[in-house]
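Undergrad: Predicted coordinates and the sequence they were generated for:
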Amino acid sequence: MGQGLARRRTVELQEPIINLTPLIDVVFVVLIAFILVAPLLDRDQVQLASGANVPSHVPLSMKEASPIQIHVRADNTILFAGMLTSIDDLPQKLFTARQQFPQAHPQVFHDKRAHFGTYQALKNCLEKAGFDEMDIVLSPS
């Protein structure tokens, strides 16, 4: 009888084993998805949508012209108030224009063949000069 009690006390409890195989399978599937999608995300140019096809004899409705107009040409040159300007000189000119016309919203005429980086730099200049809004004018083509 003494041996039966001793035998029961020496039985060890085993820890349950966690099966990691499903977790590793899920991690591999997600890794493969990232490997397949990553090359598709490497785009450096965004194409702007062209305007609707409207016959040339139909006038387009647009708010009244702003005294602050910025034109971006296809070769990424910038015209401010009809004069060629660089992106470095633009913040000071915009700041001066903001002081002259505090209620005006700048109108940006951006050619669809110009780079998106030029638009982003222009937007940063407008924000630096204190403008909260701008109008982007697309011409139908």
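TA: Arrived safely, thanks for sending.
Undergrad: Where do the helices of this protein begin and end?
TA: Here the chain has its helices, by DSSP state H, at 2-9, 21-37, 90-100, 116-128.
Undergrad: Mind checking the pLDDT average for the shortest one?
TA: Okay, so that is helix 2-9. For helix 2-9, mean pLDDT is 56.
Undergrad: Next: the second one.
TA: Rounded to a whole number, the mean pLDDT of helix 21-37 is 93.
Undergrad: How about the third one?
TA: Averaging pLDDT along helix 90-100 gives 90.
Undergrad: which helices and strands sit right next to that helix?
TA: If you count contacts as 3 or more CB pairs under 8 Å, 6 or more residues apart in numbering; DSSP states H and E, helix 90-100 packs onto strand 78-80, helix 116-128. Placement of C-beta: from N, CA and C, glycine included.
Undergrad: Give the buried residues for the longest one.
TA: This points to helix 116-128. Residues of helix 116-128 classed as buried by neighbour count (16 or more other CB atoms under 10 Å): 118-119, 121-122, 125-126.
Undergrad: Using CSV, list the CA coordinates for that helix.
TA: What follows is helix 116-128, C-alpha atoms only, in CSV (Å, rounded to 0.1, in the frame of the first residue of the first chain):
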residue,chain,number,x,y,z
PHE,A,116,3.5,65.6,-59.7
GLY,A,117,6.6,66.6,-57.7
THR,A,118,6.3,70.1,-59.2
TYR,A,119,2.7,70.3,-58.0
GLN,A,120,3.7,69.1,-54.5
ALA,A,121,6.5,71.7,-54.3
LEU,A,122,4.1,74.4,-55.4
LYS,A,123,1.5,73.3,-52.8
ASN,A,124,4.2,73.4,-50.1
CYS,A,125,5.1,77.0,-51.2
LEU,A,126,1.5,78.0,-51.0
GLU,A,127,1.2,76.6,-47.5
LYS,A,128,4.4,78.3,-46.4
